[in-house]
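K.L.:
Would you be able to build a 3D model of this:
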Amino acid sequence: MGARYADMRRAAVAAEEAAFDGLWMWDHLRDPERGARSRVPEVWTALTALAEVTQRITLGPLVLNVSNRHPGLLANMAATLQEISGGRLLLGLGAGGSRRLPYAPEQESLGLVIEPDRTRAERVAEAAQVMRRLWAGDESSFAGTHYRLERPSGFLRPEPAPPIIIGGFGPRMAAIAGRYADGFNTQAGHPRLAELIRVARDARAEAGRDPVGFLVTVFAGLRESYLKRESPARASLERLGVERLILLVEPPFDPGRIRDAGRVLTGAAS
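P.N.:
The predicted model follows:
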């Protein structure tokens, strides 16, 4: 939020050069702290541009509000970015914010309805199913509570299909991630982190899905305690099965700070 693309580009290049593995962006339309003075670049457009200036690093939205884009459109957008990036997309999906959160005005001011928590969660589950069917070339109809497919054919199919990572902060979203997605994302410092991971893995097992390959990701601030491999903070996450730690950096971005963090990460710092 508040970033300009030229700064985002420099930060992305620095992150790749510093040996980080992934690059993520929020999916928002305005900055609630700056009101009318906010400026927030659209996530999908920016990620596509960043895919062109990087070669190795994975890319993803953290996480897309499925209420803002029909899953059929999103499936085609994801397939396109997967092609442009050479298969580097991790597709983060989420239910969006509730009316209780400061992000609500970005939808309400556009006349978009913010639905109850359960309804928004159901949309995430159905969106994941719709996208998988389109990516697989499944031409059968689909009738969900919120989305329908009528014998779809000819939609762009990604090679390979990008992993779907569902984000959330409670057991309902964790279970949906286990049942319908390839991974689950939440806060590194969540007080119920172990429980949420267990719920996601249990839901995956109950759905008869292979537990191998389910990706648990968490996010936190950029701190040295998370960069050092042998730190207690890193060790506690690894014991829980966390495989990807996302470290938040706010604009104005400092490429030098990002490179310094990379040296700590790789053990090259003196």
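
K.L.:
quick one: the strands in this protein?
P.N.:
Secondary structure of the chain by DSSP state E: the strands cover 22-25, 58-61, 64-65, 91-94, 142-143, 148-149, 164-167, 183-187, 215-221, 244-248.

K.L.:
Now mean neighbour count too, for those, in CSV please.
P.N.:
C-beta: built from backbone N, CA, C; applies to glycine. Shown next, in CSV, are the strands of the chain (neighbours: other C-beta atoms under 10 Å):
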stretch, mean neighbour count
strand 22-25, 21
strand 58-61, 23
strand 64-65, 24
strand 91-94, 26
strand 142-143, 12
strand 148-149, 16
strand 164-167, 26
strand 183-187, 23
strand 215-221, 18
strand 244-248, 17
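
K.L.:
which helix is the longest one in the protein?
P.N.:
When secondary structure is assigned using DSSP state H, the longest helix within the chain turns out to be helix 117-136.

K.L.:
Show the pLDDT at Thr266.
P.N.:
According to the prediction, Thr266 has pLDDT 92.

K.L.:
Tell me who's in contact with it.
P.N.:
Thr266 makes contacts with Ala19, as judged by C-beta atoms under 8 Å, 6 or more residues apart in numbering.

K.L.:
Over to Ala268?
P.N.:
For Ala268, the contact set (C-beta under 8 Å, 6+ apart) comprises Gly262.

K.L.:
and the gap between it and Ala18?
P.N.:
Taking C-beta to C-beta, to the nearest Å as the measure, Ala268 and Ala18 are separated by 10 Å.

K.L.:
and for those two, which residues touch both?
P.N.:
Jointly contacting Ala268 and Ala18 under the rule C-beta under 8 Å, 6+ apart are Gly262.

K.L.:
picking that back up, which of the strands of the chain sits closest to Glu195?
P.N.:
Comparing the strands of the chain by their distance to Glu195 (C-beta to C-beta), the top pick is strand 183-187, with 10.6 Å.

K.L.:
That closest one versus strand 215-221: what angle between them?
P.N.:
With axes from the mean of the first three to the mean of the last three C-alpha atoms, to 10 degrees applied, the angle from strand 183-187 to strand 215-221 works out at 20 degrees.

K.L.:
relative to strand 244-248, how tilted is strand 183-187?
P.N.:
Taking the same axes, to 10 degrees, one finds that strand 183-187 is oriented at 40 degrees with respect to strand 244-248.

K.L.:
Dump the C-alpha coordinates for the worst-scoring helix or strand of the chain on mean pLDDT into CSV.
P.N.:
Averaged element by element with mean pLDDT, DSSP states H and E, the chain has its least confident helix or strand at helix 104-108 (a mean of 91). What follows is helix 104-108 as a C-alpha-only set of coordinates in CSV (Å, rounded to 0.1, in the frame of the first residue of the first chain):
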residue,chain,number,x,y,z
ALA,A,104,-14.8,-2.7,4.2
PRO,A,105,-15.1,0.8,2.6
GLU,A,106,-13.1,-0.3,-0.5
GLN,A,107,-16.0,-2.6,-1.4
GLU,A,108,-19.0,-0.7,0.1
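
K.L.:
Before I go, just wanted to say thanks for your time.
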